[in-house]
Structure formats: structure tokens, C-alpha cells
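Trainee: build the 3D model from these lines:
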Amino acid sequence: MVPEPPLPALTRAEGELIDAYLAVVDLLGKINPSRSTHTYGALRAAQALVGRAEELREALALMHARGESEVHADTLARALRTLDGERRTGRVTLPRT
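Mentor: Below is the predicted model of the structure:
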């Protein structure tokens, strides 16, 4: 088995951004009507989405308040890949037919 690449060095705020973003993505994947099978699970995910979106907003506000005005896309993309972001974001899109 190939070892996973290490998580790149992130500021605390960047780490919170990544965590909050992936939490939102996971919930959107559960809500996706092309992939969900039960309305109750999608409803629960939609209810939880509000709180997670607020966490995402707060993470970005914290970055801005700390003077982190730039998003380092390449570094954050590496972090997302390390945390299985490609599979997780794939659940938000339409499945191939």
C-alpha cells in the first residue's frame, strides 16, 4: 500500500477552512437528489448544512481578520486531496450514466 502524502503545513485558520469546507461538501453529497435514497437523511443533512455553512463563513472571516488575504490554492488543493477531497466532492456532482 502506498502511504498518503503528508498534509501540507497550514495555518490554523486554513485548517479550519478545509475542515469546514469538507463538512459542507459531505452534507451536500448527502442532499444530492441524484445520489440520495431517503428524504429523511437528506432533510437531516440540509438542516445541518446551515450550521456548517456558518462555520465555513467564520473560518474565512478569521483568515481575513488575521490578515490572510490570499488563498493559497495549490497548498489547499494538496490538503483537500490528502483528506480524500476528490471522492468527497465527487458526491456533489451528477453520477455518470
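
Trainee: buried ones in the helix ranked longest in the chain, by neighbour count?
Mentor: Longest helix in the chain, counting residues (DSSP state H): helix 39-65. Across helix 39-65, burial judged by 16 or more other Cβ atoms under 10 Å covers A42, A45, A48, L49, R52, E55, L56, A59, L60, L62, M63. Where you see a C-beta, it was placed from the backbone N, CA and C, and this is true even at glycine.

Trainee: element containing the spatially most central residue of the chain, please.
Mentor: In the chain, the residue lying closest to the centroid (Cα atoms, centre = their mean) is L22, at 1.6 Å. Using DSSP states H and E, L22 sits within helix 12-31.

Trainee: show me what that helix is packed against.
Mentor: Packing partners of helix 12-31 (3 or more Cβ pairs under 8 Å, 6 or more residues apart in numbering; DSSP states H and E): helix 39-65, helix 73-82, helix 85-90.

Trainee: now with 6 Å?
Mentor: Packing partners of helix 12-31 (3 or more Cβ pairs under 6 Å, 6 or more residues apart in numbering; DSSP states H and E): helix 39-65, helix 85-90.

Trainee: hmm, back to that, spit out the contact partners of the residue nearest to the centre of the chain.
Mentor: Residues near L22 by Cβ atoms under 6 Å, 6 or more residues apart in numbering: none.

Trainee: can you rerun that using 7 Å?
Mentor: L83, G85, R88 (Cβ atoms under 7 Å, 6 or more residues apart in numbering).

Trainee: circling back to that earlier point, just the buried positions in the helix holding L22, please.
Mentor: Residues 13-14, 16-31 are the ones in helix 12-31 that count as buried (16+ other Cβ under 10 Å).
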